[in-house]
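Novice: Pasting the sequence and the predicted coordinates here, then a few questions.
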Amino acid sequence: MKYEPTQPGNPHRFTINQHVFPKASIQRFAGMDGSVEVFSIPHQKVMRLKPNNPIFCAQRVWDQRTEAVIGKQIEDRFQTLADAIEWGRVTKIGIWEKRVVEEFFSLWRTRQRFRNEGLDDVTLNGVTSETLTKAEQEVLESKHTLYASDGVMKGRFLAGIHVIGYQDNFIQANESMQWGIVRSPVHHFLVPDSFEDMMIVPVSPRVAIVADMPDCVLTDDEVAVINQTAITRSTNFYFARQLAKASIIRRSVVSPIGNILRRP
């Protein structure tokens, strides 16, 4: 999907490559070389890539305010929680942690939707607006201001409204749902470009947060079910620290993981 280029030199330092799944989260899965192992579905091949690789990004699909303020606040809260889970300071998803996880999951899923579908420009019928130069437009965006030029608002400026709207609906619809911290004793978790309707948030190679699951250590078969779900839901890629260490279903498995509820 083609993106709108900035002025030469990108004077306002807009984020062009916008991570769908945060760079900090991808780094948790990186090996000693700072890379993760990615399986590209279109190319049907495995690649070792750094977390800043464009494959993990949309290109200027949402505006700078959605990137640097709305998204960053949600990401920062989640990274703080992920650190605490990894270091054992948090062992249960309580009321505060539930909100953080659900905001993050909703953001991740919404960004993936933006990347796949884009955001259409909106014509403001009956509303007059000035013609703005590119320099003027960029000054306004850098100040996190919504604007229209020639009666048209660019779709990316509506991203923040969608992020908050989808998030509020998601949280309200899942008010009674609980999350569990699950761990894998040996095998690694896969991370898809999005889990779509399956409520799973990978934290690190052997830790994930899963809806409607108790805090527990999973069996190898249960880890394989989650990983198979990741592969099934992936659109363009999935990754792990080492794909060979991520077990998948190789025979019929009966597992409570199969009962993870799909959510709106």
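Specialist: That came through fine.
Novice: Closest to the centroid, which residue in this structure?
Specialist: residue 108 (2.5 Å; CA atoms, centre = their mean).
Novice: Where does pLDDT dip in the stretch 51-200 of the chain?
Specialist: Applying pLDDT under 70 to the stretch 51-200 of the chain picks out residues 128.
Novice: Tell me the span between the first and last residue of stretch 52-62.
Specialist: End-to-end span of stretch 52-62 (CA to CA, to the nearest Å): 18 Å.
Novice: Pull out the buried positions in that stretch.
Specialist: 53, 56-58, 60-62 (16 or more other CB atoms under 10 Å). C-beta coordinates here come from the backbone N, C-alpha and C atoms, glycine included.
Novice: circling back: and the helix or strand harbouring the residue nearest to the centre of the chain, what does it pack against?
Specialist: Under the criterion DSSP states H and E, the helix or strand holding residue 108 is helix 95-117. Based on contacts counted as 3 or more CB pairs under 8 Å, 6 or more residues apart in numbering; DSSP states H and E, the elements that helix 95-117 packs against are strand 57-59, helix 72-86, helix 159-173, strand 179-183, strand 200-204.
Novice: now for the third one, which elements pack on it?
Specialist: Of the remaining helices and strands, those touching helix 159-173 by 3+ CB pairs under 8 Å, 6+ apart are helix 95-117.
Novice: which residues sit against the helix it packs on?
Specialist: 1, 18, 20-21, 58, 61-62, 71, 74-75, 77-78, 81, 90, 93, 159, 162-163, 166-167, 170-171, 174, 178-179, 193-196, 199, 201, 209, 235 (CB atoms under 8 Å, 6 or more residues apart in numbering).
Novice: Now distance to residue 138 too, for the helices and strands packed on helix 95-117, in CSV please.
Specialist: Output for those, formatted as CSV (distance: least, CB to CB, whole Å):
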stretch, distance to residue 138
strand 57-59, 16
helix 72-86, 20
helix 159-173, 17
strand 179-183, 40
strand 200-204, 35
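Novice: What count of nearby residues applies to residue 72?
Specialist: 13 (other CB atoms under 10 Å).
Novice: now it: how far from residue 3?
Specialist: Distance from residue 72 to residue 3, counting by CB to CB, to the nearest Å: 20 Å.
Novice: again, but for residue 196
Specialist: Counting by CB to CB - residue 196 and residue 3 are separated by 24 Å.
Novice: Give me the more crowded residue out of the two.
Specialist: Counted by other CB under 10 Å, residue 196 and residue 3 do not tie: residue 196 has more neighbours, with 17 against 14.
Novice: For that one, give me phi and psi.
Specialist: phi 50, psi -110 (degrees, to the nearest 10).
Novice: can you tell me which residues contact it?
Specialist: 109, 112, 233.
Novice: do residue 231 as well
Specialist: Residue 231 touches 190, 192, 238, 248, counting by CB under 8 Å, 6+ apart.
Novice: What is the nearest of those to residue 217?
Specialist: residue 190 (18.0 Å; CB to CB).
Novice: List the buried residues in stretch 132-144.
Specialist: Across stretch 132-144, burial judged by 16+ other CB under 10 Å covers 137-138, 141.
Novice: Now do residue 4 against residue 157, distance only.
Specialist: For residue 4 relative to residue 157 (CB to CB), the value is 12 Å.
Novice: next one: residue 174
Specialist: Distance from residue 174 to residue 157, by CB to CB: 28 Å.
Novice: The two: which has the busier surroundings?
Specialist: Set residue 174 next to residue 157 and count neighbours by other CB under 10 Å: residue 157 wins out with 23 against 20.
Novice: Go ahead and confirm that one touches residue 146.
Specialist: Yes: if you go by CB atoms under 8 Å, residue 157 and residue 146 touch, sitting 5.1 Å apart.
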